[in-house]
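Visitor: Here's my sequence, what's the structure:
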Amino acid sequence: MRVEYVTSNIAIAEGAMASGLRFFAGYPITPTSDILEYLAEELPKRGGVVIQLEDEIASINAVIGASWAGAKAMTATSGPGYSLMVEALSFAIITETPLVVVYVMRAGPSTGVPTRSCQYDVFQVRYGSHGNYELPVLVPWSAQEAFDLTVKAFNVSEMLRVPTVILSDAMLAHTWEKVIIRNPSELEIVNRRKPEVPPQEYMPFKPGEDLVPPMACFGDGYKVMVESLTHDERGYYSPTTEVQERMIRRLVEKVRRNSHLIVDYETYFTSSAEYMFFAYGSTARSVYALVRELRREGIRAGLYRPKTLWPFDEGGLKKVASKAKRVFVVENNVGLMYKEVARVLRDKEVISVGIIDLDVPSPDRIKEVISEWL
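Guide: Have a look, this model is predicted:
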């Protein structure tokens with residue numbers, strides 16, 4: 001263990017290496033490029049490979065290939081790059097390829113303001129690819145959490161054989177903070193489960209009790225199928241309703257059934273809160289400061305901060321908000337996760353506080369917007 005003063009981008013790179021990252025492919029894009037640059041210097045020292053490719057499409061396809069060669073693999077991008085990656089991401093979902101995508105949000109649409117912040121892409125990261133699927137998305141609010149959730153992202157990806165996303169933003173990416181960087185021996189590291197049957201009995205997509213198939217990689221001595229078409233447990237193309245339904249339901253259910261291994265949140269002063277705030281990522285830092293200020297003024301405020309945006313933790317949110325009479329959903333967008341919160345808390349007054357700010361909405365600005373409801 002060591003303590004360093006680093007940005008969230010560097011904390012993510014360190015968390016990935018601590019998790020066993022062996023292959024990184026990427027293309028430079030603000031505000032994510034220093035992940036590529038840092039890993040290019042550090043990962044080869046630990047026996048890994050870093051490659052800069054011609055674009056984001058090539059990058060994520062290389063990462064998929066590396067994962068099937070047995071390596072823990074990752075890429076990093078921002079909005080325009082993620083838009084290019086989503087077709088390959090769908091391929092990774094149907095082939096159940098474990099990998100990690102770091103997505104650092106910046107202002108858009110299109111190329112927007114590359115150097116500034118936002119929270120516009122919380123639905124793109126969940127629904128951007130075609131098809132029916134579940135995709136774990138973890139959202140840190142500090143450099144320390146960026147390190148910790150990167151470790152978790154690799155564990156979830158390996159455990160469930162599913163692409164997993166770390167969703168950061170431009171403000172967090174380049175904010176310097178003190179981070180405890182733990183060594184691999186100090187962490188709980190999960191590796192993908194390998195087949196325990198003889199090669200002649202192995203079926204690449206036959207699941208275990210947890211709905212996750214053991215994964216044989218190229219070179220392991222097993223027949224490996226990486227089929228992008230609808231396939232049966234053998235990996236053979238089978239365009240029938242029965243196979244399609246069985247495959248899709250399992251791809252979705254393996255994440256939902258194991259959501260207790262994914263979802264997490266933090267609460268602050270919620271046990272006695274009359275007014276509860278819902279906020280995530282960098283915006284939650286401002287909301288936390290506002291909640292403390294309101295409590296000093298005698299207003300019973302509290303904060304629910306999800307560390308996992310997807311799967312959406314309906315049970316946890318209902319439990320924490322049970323005593324609140326009013327819920328404010330504060331976001332640096334026009335009000336996106338508000339729709340999910342309002343859907344779950346239908347018996348509450350849920351108010352969208354969507355503030356557009358190229359940095360982070362300040363506590364004073366948030367307070368000004370909500371003052372009429374306090």
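Visitor: any idea where the helices of the stretch 151-300 of the chain begin and end?
Guide: Using DSSP state H, counting those that start in this stretch, the helices of the stretch 151-300 of the chain run over residues 170-173, 241-257, 281-296.
Visitor: Would you format the ones you listed as TSV with mean neighbour count and mean pLDDT included?
Guide: In short, each C-beta sits where N, CA and C put it, glycine included. Below are the helices of the stretch 151-300 of the chain laid out as TSV (neighbours: other C-beta atoms under 10 Å; pLDDT from 0 to 100):
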stretch	mean neighbour count	mean pLDDT
helix 170-173	28	96
helix 241-257	15	97
helix 281-296	21	98
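Visitor: how about these, which one is nearest D55?
Guide: Closest approach to D55 among these is made by helix 170-173 (20.8 Å; C-beta to C-beta).
Visitor: returning to what we had before: the helices of the stretch 151-300 of the chain: which one's closest to V100?
Guide: Nearest to V100 among the helices of the stretch 151-300 of the chain is helix 241-257; the distance by C-beta to C-beta comes to 15.2 Å.
Visitor: Against which helices or strands is the closest one packed?
Guide: helix 79-94 (3 or more C-beta pairs under 8 Å, 6 or more residues apart in numbering; DSSP states H and E).
Visitor: Show which residues not belonging to stretch 61-76 make contact with it.
Guide: 12, 16, 19-26, 32, 35-36, 49, 51, 53, 56, 59-60, 85, 88, 91-92, 95, 97-104, 154, 158, 217-220, 224, 226 (C-beta atoms under 8 Å, 6 or more residues apart in numbering).
Visitor: who's in contact with stretch 243-253?
Guide: Contacts of stretch 243-253 (C-beta under 8 Å, 6+ apart): 93-94, 96, 132-134, 205, 207, 211, 230-232.
Visitor: Quick check: the farthest pair among the residues you listed?
Guide: E134 and D232, at 20.7 Å, using C-beta to C-beta across the contacts of stretch 243-253.
Visitor: re earlier: going by distance to V353, which of the contacts of stretch 243-253 wins?
Guide: For the contacts of stretch 243-253, the nearest to V353 is E134 (27.9 Å; C-beta to C-beta).
Visitor: Looks like that closest one contacts P311 (just checking).
Guide: Yes - counting by C-beta atoms under 8 Å, P311 is a contact partner of E134 at 6.2 Å.
Visitor: who touches both of the two?
Guide: Common neighbours of E134 and P311 (C-beta under 8 Å, 6+ apart) are 255-256.
Visitor: What residue, apart from its backbone neighbours, is nearest E227 spatially?
Guide: Nearest residue to E227, sequence neighbours excluded (C-beta to C-beta, 6 or more residues apart in numbering): G235, at 4.8 Å.
Visitor: and the gap between that neighbour and R365?
Guide: Here the criterion is C-beta to C-beta, to the nearest Å. By it, G235 lies 53 Å from R365.
Visitor: neighbour-wise, which of the two wins?
Guide: The neighbour comparison of G235 against R365 (other C-beta atoms under 10 Å) goes to G235, with 19 against 15.
Visitor: Kindly state the pLDDT recorded for the more buried one?
Guide: The score at G235 is 95. That number is its pLDDT.
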